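# With the sequence up front, the predicted model follows.
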Amino acid sequence: MTRKSIITLLAVAVVTGALVFDGLSRRHGNQSSSQNPPMTATPAGAPTGASNTGTDAQPTAPASDTTTATDPGQNAGPAGASQPVQDGAIADAAQPATDDAPAATQPIIVPAGTTLTIRLGEDLGSRISEMGQRFSATLDNDVVVNGETVIAAGAAVFGKIVLARPAGAVAGEAILQLKVTAVNVNNANLPVVTSLRSFGPQIKGKNKVGKFMKGLVKRASGEEREVLLAQQSAYNFTLQRRLEIQ
């Protein structure tokens, strides 16, 4: 190979190397440009601390100077927000809780010892009546407790004949015994316990023999009489136990 050929080869190699080096340099420059864009000048009045990296800074929303008050009438959104106040809720809260159940009423007590004056609705007698017979009557006077009328006059009254014994030579004096057993109050017959009333002549004597002898004398003389309680006649009976009226 001649010197000229050698020189020509070297020249070609140099030119080729230069072209390759130039291509690599351009490629490297393009990659650097894409990774590090040119810096953008910060305008006057921009907030301190703005990024100088060349990327576009995102605007920051200005903080509100005032806090918006929650309207109690608006619907609450997220948890923790004020709940809406319904119309009438305040009024309902202001109203005290009431019990709809009716209060239990205390019974009215007619004490023992109270007098019941009754008026008979039929004739009763030692001869015309029988032991165990029921009779009817009406209350003749109001029953008053603590200044209040608890049983009005005219209320129905019911009684029982405990003993009815006519006069006779062997039986002796006529006798009739009664007691009141119930009083009608507010359309209900309330049972009562009263004193026993005895009607008939009482023969006085020191002992049973003396009373018997006096009875024989009265019967022989015709002074002995039957017991008769006429209709509409009034008599008093005393409560032996208290009466509860609901």
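Now that the structure is in, tell me what you want to look at. Residues are numbered from 1 along each chain as shown.

# wait, what's in contact with Gln231?
Residues near Gln231 by Cβ atoms under 8 Å, 6 or more residues apart in numbering: Leu120, Gly121, Glu122, Asp123. The C-beta positions use only the backbone N, C-alpha and C, and glycine is treated the same way.

# In this structure Leu176 contacts Arg127, no?
No. In this structure Leu176 lies outside contact range of Arg127 using Cβ atoms under 8 Å: 9.2 Å.

# about what we covered before: now render the contacts of Gln231 as JSON lines, adding distance to Lys160.
Output for the contacts of Gln231, formatted as JSON lines (distance: Cβ to Cβ, whole Å):
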{"residue": "Leu120", "distance to Lys160": "13"}
{"residue": "Gly121", "distance to Lys160": "14"}
{"residue": "Glu122", "distance to Lys160": "13"}
{"residue": "Asp123", "distance to Lys160": "16"}
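
# Neighbour count: Leu176 and Arg127, which is higher?
It is Leu176, of Leu176 and Arg127, that has more neighbours when counted by other Cβ atoms under 10 Å, with 25 against 15.

# mean confidence for the helix or strand hosting that one?
Per DSSP states H and E, Leu176 falls inside strand 175-185. On average, the pLDDT along strand 175-185 is 97.

# same check, this time on stretch 106-124
Across stretch 106-124, pLDDT averages out at 96.

# How about it, which residues are buried there?
Residues of stretch 106-124 classed as buried: Ile108, Val110, Thr114, Leu116, Thr117, Ile118, Arg119, Leu120, Gly121, Leu124 (neighbour count, 16 or more other Cβ atoms under 10 Å).

# quick one, what contacts the first one?
The neighbourhood of Ile108, defined by Cβ under 8 Å, 6+ apart, consists of Val145, Val150, Glu244, Ile245, Gln246.

# Select, from these, the two members most distant in space.
Greatest spacing in the contacts of Ile108, by Cβ to Cβ: Val145 and Gln246 (14.2 Å).

# Show me which of the two is the more surrounded one.
When Val145 and Gln246 are compared for neighbours, Val145 comes out ahead with 15 against 10, by other Cβ under 10 Å.

# right, and the more buried one touches Ile109 too?
Yes. With contacts counted by Cβ under 8 Å, Val145 reaches Ile109, the gap being 7.2 Å.

# Show residues contacting the helix or strand just after the strand holding Leu176.
On the C-terminal side of strand 175-185, the closest following helix or strand by DSSP H and E is strand 188-191. Residues from elsewhere that reach strand 188-191 (Cβ under 8 Å, 6+ apart): Ala156, Phe158, Thr181, Ala182, Val183, Asn184, Leu243, Glu244, Ile245.

# how about the first one, what does it touch?
To tie it back to what came earlier, the one meant is Ala156. Residues in contact with Ala156 (Cβ under 8 Å, 6+ apart) are Ser136, Ala137, Thr138, Leu139, Val183, Asn184, Asn189.

# Of these, which is the most crowded?
Per-residue neighbour counts (other Cβ under 10 Å) across the contacts of Ala156 peak at Ala137, which has 27 neighbours.
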